[in-house]
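Asker: Need a 3D model of the sequence below.
(chains A and B)
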Protein chains: 2
Amino acid sequence: VRKMFESKRVVEAVARRLTGLGLDERSAIVVAEHLIDAELSGLRSHGVSRLAGIITTLASGNRNGPGIFGQPAPSVLRYDAHGELGIVAVTKAVERAREVALEQHVCVMATIGYVGTTGVLGTYTRFLAEAGLVGLALCSSEYAVAPHGGARAVLGTNPIAAAFPADPVFSADLATAAWAYGDLKLAMDEKRQIATGIVQDIDGNPSTDPNDADNGSQLPMAGHKGYALGLAVELLCGPLLGGKAGRNAVSGSDGTLIIALRADSYRPQDTVEREARLLFDEVRNTRRAPGVQEIRVPGDRYPRGADREYVELDVELLTRFEVTIA
Amino acid sequence: VRKMFESKRVVEAVARRLTGLGLDERSAIVVAEHLIDAELSGLRSHGVSRLAGIITTLASGNRNGPGIFGQPAPSVLRYDAHGELGIVAVTKAVERAREVALEQHVCVMATIGYVGTTGVLGTYTRFLAEAGLVGLALCSSEYAVAPHGGARAVLGTNPIAAAFPADPVFSADLATAAWAYGDLKLAMDEKRQIATGIVQDIDGNPSTDPNDADNGSQLPMAGHKGYALGLAVELLCGPLLGGKAGRNAVSGSDGTLIIALRADSYRPQDTVEREARLLFDEVRNTRRAPGVQEIRVPGDRYPRGADREYVELDVELLTRFEVTIA
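Answerer: Next comes the predicted model:
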């Protein structure tokens, strides 16, 4: 059963639940806002359901930071989170990346040493774009995707996010796996068959059973191309930063790499944004293929203003996680 | 008819042809080596056949630079090529990017204002990786790909390249279109049908005719995901840098964005390279799917040493371009 709730009250309730487990208030609000923003954006698999892992982590007495910033060069930083929750750690890192990029024009920020979900990568790049920066982000994740030609998972779903300042902000966020795990889960729940090329069975045979995302392995998007991109992400967030990689190769946590670049580095900001809008309009107004209602630019559907006041949530999920909305 | 030639002599012959058209000797060798490296790598569509456009440009009295470097911030540079050939311009830019990145740890380099092909993007990122840098590169290209849901081309094939220092160097280079144009051309020549999802006809209907790459439009790789990435590349190389974007939105040339980052920014170089090799071995040794002979890491097939001494070339092509090998 899904019901509408006032967003503000849900954020308060989730934050209260987390402070009750010992998380400091500022971090609790960061996590709550992140999860509710995911719900508002329709990314249910990254919303309130993630409280499961977060509550378990906090209840287990996770040391939870504080992390330490390092700055090997004026434009190159790292944040070693010392066991902080992923959403808390990467939020701190991207806030610092924004500051440094506004001053130095560019900032490369590595975040490692955090626990649990990285959160929605696109949330961090959008945050940069809203400050007039181009934002790129990559992160590694638990192995789930087979290399091209392989019969079992070695790589994470390894998403890539890119955001560009414009009105509305351009925001792309995509796993290098063929499908998002959230969509696979939906197909599992609805006992639906899926097309081939998305998952394979445990022996590497083509499969149309979404459960093979768990029992077999996921496939990279676009075959060898998604494999190449996913492996690049694994390299950049694993060996480069000191995050984990593969099934065995390197131990450690997930890693996140963020690149922020001032959009006025080469041309005046208003010229850049105006030409971006012209391009978006050209794309949106492209003659449509048969049966297509609308051509969208990534980010077009991000809820703004009044669309953020209420959020639809799964009531059982709130009960299960002991979130009580006032 | 294809024949084997000594690589060194082909480079000399191509360079001689270009200096004969007024190109300076250093630039002529850069272009010749770039094209022969593409042939050696099996990228025929970016090899000697590209002399067609290059010779036309030079013969038309193209002003051909010299370009001007700008440095809006210590780690952010631009190279405005003032009409230089693309391969010459981007080679100069990536050489400078390497210097700056080795000193500043990171360099973001924009190249605009060049004429004709950008060349093989992966050649530039490989050059960075060979110097111990992580290399990322994006470039825009002439419109050929429809936005997701659109019936006609607006975006370029907009490739992305990534290279990582290791032995051998990891090097991925992929168009955000479903297929490389070279493969489409091959299917056209062989009058082969192709799967749906690669091109569409002029009205946006699914097509299996490779000629619809020209008569209709190409489709993005992996549907909305490749569309999102391709549009991100178009934004970064168009509005951000001042290159062209879309069909009409902005006039000007292609743009190339290169990001170079010292691989020892966060951890010692030998640790980074060792863990990269462990990951590659893990990937290569993954249990294989039925019928698969080998799992490769992007870059594994790049020819080295003795494999570079001779190159197989199309004799008619050499004759057509008046390239005489001594």
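Asker: Next one: residue A:61, what pLDDT does it get?
Answerer: What the model reports for residue A:61 is a pLDDT of 83.
Asker: Surely it is in a helix?
Answerer: No: using DSSP: H, G, I helix; E, B strand; the rest coil, the assignment for residue A:61 is coil, not a helix.
Asker: so what's the backbone phi/psi at it?
Answerer: Its backbone dihedrals place residue A:61 at phi 80, psi 30, with angles given as degrees, to the nearest 10.
Asker: neighbours of it, just the number please.
Answerer: Using other C-beta atoms under 10 Å in any protein chain shown, the number of residues around residue A:61 comes to 9. The way it works is simple: take the backbone N, C-alpha and C, and place the C-beta from them, glycine included.
Asker: Now the lowest-mean-pLDDT helix or strand in chain A - C-alpha only, CSV.
Answerer: Least confident helix or strand of chain A, by mean pLDDT, DSSP states H and E, is helix A:181-189 with a mean of 89. In CSV, the C-alpha atoms belonging to helix A:181-189 read as follows (Å, rounded to 0.1, in the frame of the first residue of the first chain):
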residue,chain,number,x,y,z
TYR,A,181,18.8,-3.6,-10.7
GLY,A,182,15.6,-1.9,-9.6
ASP,A,183,13.9,-2.7,-12.9
LEU,A,184,15.1,-6.3,-12.7
LYS,A,185,13.6,-6.6,-9.2
LEU,A,186,10.3,-5.2,-10.5
ALA,A,187,10.3,-7.9,-13.2
MET,A,188,11.1,-10.6,-10.6
ASP,A,189,8.2,-9.4,-8.3
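Asker: hmm, that helix touching chain B?
Answerer: No: figure legend: helix A:181-189 not in contact with chain B (C-beta under 8 Å from any C-beta of the partner chain); closest approach 11.8 Å.
Asker: Name the strands paired with whatever helix or strand comes next after that helix and say parallel or antiparallel.
Answerer: Per DSSP states H and E, the first helix or strand lying C-terminal to helix A:181-189 is strand A:199-200. Applying DSSP bridges, strand A:199-200 is found paired with strand A:206-207 (antiparallel), strand A:217-218 (antiparallel).
Asker: Tell me which helix or strand comes right after the first one.
Answerer: Scanning forward in sequence from strand A:206-207 by DSSP H and E, the next helix or strand is helix A:212-215.
Asker: near chain B, anything from that next one?
Answerer: No: against chain B, helix A:212-215 shows no contacts by C-beta under 8 Å from any C-beta, the least distance being 12.8 Å.
Asker: neighbouring contacts of that helix?
Answerer: The contact list for helix A:212-215 (C-beta atoms under 8 Å, 6 or more residues apart in numbering or on different chains) reads A:144, A:181, A:184, A:188, A:199-202, A:209.
Asker: buried sites along it?
Answerer: A:212-213 (16 or more other C-beta atoms under 10 Å in any protein chain shown).
Asker: Same question for stretch A:130-147.
Answerer: Quick answer for stretch A:130-147 (16+ other C-beta under 10 Å): A:131-141, A:143-147.
Asker: so which of the residues you listed comes closest to chain B?
Answerer: Ranked by distance to chain B (C-beta to the nearest C-beta), these are led by residue A:147 at 4.8 Å.
Asker: Pretty sure the closest one sits against residue A:154.
Answerer: Yes: if you go by C-beta atoms under 8 Å, residue A:147 and residue A:154 touch, sitting 5.5 Å apart.
Asker: Show me what the biggest helix by length in chain A is packed against.
Answerer: Using DSSP state H, we find that the single longest helix of chain A is helix A:86-104. The elements that helix A:86-104 packs onto, with contact taken as 3 or more C-beta pairs under 8 Å, 6 or more residues apart in numbering or on different chains; DSSP states H and E, are helix A:25-40, strand A:76-80, strand A:106-112, helix A:121-129, strand A:133-139, strand A:256-262.
Asker: Good, wrapping up.
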